[in-house]
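Peer 1: Predicted model and sequence follow; I will ask about them next.
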Amino acid sequence: MSVPPDSVVPPPPPSGEPVPPPEPIDSVGMPSHEERQWALFAHLSALVGGLLTGAFAGLGCFIGPLVIWLIKKDTMPFVDDQAKEALNFNITLAIVGVALLLLTLVTFGFGALLTVPVGILVGIAWLVLTIIAAIKANEGERYRYPFTLRLIK
């Protein structure tokens, strides 16, 4: 039976010599705790903003990711990426929401038979995907929302 080279434990040093600390495994390229926390805030701030401004069509979902992106884009590359991703996703969903509203208005309300169920599905997808993105960002993974227009580069 062969043992992969990564799992081989080096023999202990002769007595009297200090034991060297173990080297970190794959810590190169991993965002710092602070970067992961700010990326988490960028995604969750869209939820908080959308829920607090729900009476105004949820337009506050842009404010949190935008503010975090503007403040941290030059100092934290991971936060720059994830805040832009959250901002682009929320802009895309705002475009979808406006399109659904226009379809309802153009059809004098009859389009609501289609747009209301689609709007509910979009709202549920927004909630689920934002939570998934926040979890992934907190784990240090770069999350990409599906079906997102990348307007801010």
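Peer 2: Alright, I've got the coordinates.

Peer 1: Beyond the longest helix seen in the chain, next helix or strand please.
Peer 2: For the chain, the helix that runs over the most residues, judged by DSSP state H, is helix 77-106. Reading on from helix 77-106 to the C-terminus, the next helix or strand found by DSSP states H and E is helix 112-138.

Peer 1: re earlier: the longest helix of the chain relative to helix 112-138, how many degrees between them?
Peer 2: Between the axes of helix 77-106 and helix 112-138, defined by axes from the mean of the first three to the mean of the last three CA atoms, to 10 degrees, the angle is 180 degrees.

Peer 1: wait, residue 90 sits on residue 59?
Peer 2: No: the pair residue 90 and residue 59 does not pass the contact test of CB atoms under 8 Å, sitting 9.6 Å apart. Just so you know, the C-beta spots here come from the backbone N, C-alpha and C atoms, and that holds for glycine as well.

Peer 1: more crowded one of those two?
Peer 2: When neighbours are counted by other CB atoms under 10 Å, residue 90 comes out ahead of the other of residue 90 and residue 59, with 29 against 14.

Peer 1: contacting residues around the closest residue in space to that one that isn't next to it in sequence?
Peer 2: What sits nearest to residue 90 in space, not counting adjacent residues and going by CB to CB, 6 or more residues apart in numbering, is residue 61, at 4.6 Å. Taking CB atoms under 8 Å, 6 or more residues apart in numbering as the contact definition, residue 61 lies against 46-47, 49-50, 53, 90, 93-94.

Peer 1: In terms of distance to residue 125, which of those ranks first?
Peer 2: For the contacts of residue 61, the residue nearest residue 125 by CB to CB is residue 93; the value is 8.5 Å.

Peer 1: Counting by contacts, list what the longest helix of the chain packs against.
Peer 2: Helices and strands touching helix 77-106, as assessed by 3 or more CB pairs under 8 Å, 6 or more residues apart in numbering; DSSP states H and E, comprise helix 33-52, helix 63-72, helix 112-138.

Peer 1: Could you list the low-confidence segments of this protein?
Peer 2: Counting by pLDDT under 70, the chain has low-confidence residues at 1-28, 55-58.
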